[in-house]
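> Sequence unavailable; structure follows:
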């Protein structure tokens, strides 16, 4: 597969997902970019806007195994990872795999589970493996987590710690559809995902991931990525800036973005397109400073404003 074929395959996936998730082409596109880059997605939005449909449709479109984990306060880590069960007839333990052993995981309302249970996902998200009773087991390829949280109900929730937020490549929202898209939704069957058929298989999707990793990023692009992330650490409106992990994820996402555009090389516009989604949730804005509107509103809005300001102020021609 060349990069033209890569872009054509992504177009098929987007078109297929849009049969179930109408009117959200940009968001579908972003989710596919993140999965192709080997990243995980955090969707923060109100109930009923299609978060579950998006995850299920993506899994169906790539012929992937899908599992949904409903995070609740009484959920245990073993409910996620699996556990060893003693079989008396054989006098031995047998491993019962948890729902995390799938290609696409929907961690629904992840912030409703305890930090201990949330942490059960960290190794899976970072290493692509699960360790139970001292034995490490690899997760299937490809593997991606799509986590959701509700921004308007915080009773009984556990806010995601910064270290956990840093594991998500992108954070996004779906938002309400426009009127025409909502009418299209009403025309769909009760279970629109059931009508979908795979448009690429898992082996093809894995090859696409490998191809995305091979996208060429010049020394100048690497320096531009570092210039952007470094600027978040020096900005006077920021209490905690983006980590080096953020630089790696921004580069990976930018490479995947270039590939879905049919290019074998990365350009600054790729970095600019992905930076707001990759960096904003990693930045902790200073709450006690008022400056140029950047600090007004919620912490998330202030962080997004900082990223926009940095992208407009870091000169591309100095590094490219």
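The structure has been received and is ready for your questions. Owing to the predicted nature of the structure, the values given are computational and were not obtained by experimental measurement.

> The stretch 1-150 of the chain: strands as residue ranges?
Ranges of strands within the stretch 1-150 of the chain are 41-44, 66-70, 82-87, 92-97, 104-108, 129-132, 135-138, 144-149, based on DSSP state E, counting those that start in this stretch.

> In terms of secondary structure, what does the third one contact?
Looking back up the chat, that one is strand 82-87. Taking 3 or more Cβ pairs under 8 Å, 6 or more residues apart in numbering; DSSP states H and E as contact, the helices and strands that strand 82-87 lies on are strand 92-97, strand 129-132. Where you see a C-beta, it was placed from the backbone N, CA and C, and this is true even at glycine.

> Can you redo those as a markdown table, where the extra columns are mean pLDDT?
What follows is those, written out as a markdown table (pLDDT from 0 to 100):
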| stretch | mean pLDDT |
| --- | --- |
| strand 92-97 | 91 |
| strand 129-132 | 92 |
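
> And the strands of the stretch 1-150 of the chain: which comes nearest residue 242?
When the strands of the stretch 1-150 of the chain are ranked by distance to residue 242, counting by Cβ to Cβ, first place goes to strand 41-44 at 15.3 Å.

> one step back: please work out which of the helices and strands packed on strand 82-87 is packed deepest.
The highest mean neighbour count among the helices and strands packed on strand 82-87, using mean count of other Cβ atoms under 10 Å, belongs to strand 129-132: a mean of 16.

> can you put the strands of the stretch 1-150 of the chain in JSON lines and add distance to residue 173?
What follows is the strands of the stretch 1-150 of the chain, written out as JSON lines (distance: least, Cβ to Cβ, whole Å):
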{"stretch": "strand 41-44", "distance to residue 173": "6"}
{"stretch": "strand 66-70", "distance to residue 173": "20"}
{"stretch": "strand 82-87", "distance to residue 173": "32"}
{"stretch": "strand 92-97", "distance to residue 173": "32"}
{"stretch": "strand 104-108", "distance to residue 173": "16"}
{"stretch": "strand 129-132", "distance to residue 173": "29"}
{"stretch": "strand 135-138", "distance to residue 173": "32"}
{"stretch": "strand 144-149", "distance to residue 173": "10"}
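
> right, and residue 28 touches residue 17 too?
Yes. With contacts counted by Cβ atoms under 8 Å, residue 28 reaches residue 17, the gap being 4.9 Å.

> can you pull the contacts of the spatially closest residue to residue 97 that is not a sequence neighbour?
Once flanking residues are discounted, residue 97 sits nearest to residue 82: 4.5 Å by Cβ to Cβ, 6 or more residues apart in numbering. Contacts were defined as Cβ atoms under 8 Å, 6 or more residues apart in numbering; by that measure residue 82 touches 95-98, 100-101, 130, 132.

> closest one to residue 112 among the helices and strands packed on strand 82-87?
Smallest distance to residue 112 across the helices and strands packed on strand 82-87 (Cβ to Cβ): 21.3 Å, for strand 129-132.

> just how off-centre is that closest one within its chain?
Averaged C-alpha coordinates place strand 129-132 at 21 Å from its chain's average position (Cα atoms, centre = their mean, to the nearest Å).

> sorry, back to before: looking at the strands of the stretch 1-150 of the chain, which is closest to residue 240?
Among those, strand 41-44 comes nearest to residue 240, with 17.6 Å by Cβ to Cβ.

> Next, find the distance separating the residue positioned nearest the centre of the chain from residue 67.
Centroid-nearest residue in the chain, with Cα atoms, centre = their mean: residue 41, separated by 1.7 Å. Taking Cβ to Cβ, to the nearest Å as the measure, residue 41 falls 15 Å from residue 67.

> now residue 238
Noted for residue 238: a distance of 37 Å to residue 67, by Cβ to Cβ.

> who's more crowded, the two?
Each of residue 238 and residue 67 had its neighbours counted (other Cβ atoms under 10 Å), and the higher figure belongs to residue 238 (22 against 17).

> Touching both of residue 28 and residue 17, which residues are there?
residue 54.

> Comparing the two, which shows the higher neighbour count?
Between residue 28 and residue 17, residue 17 has the larger neighbour count (other Cβ under 10 Å), namely 29 against 24.
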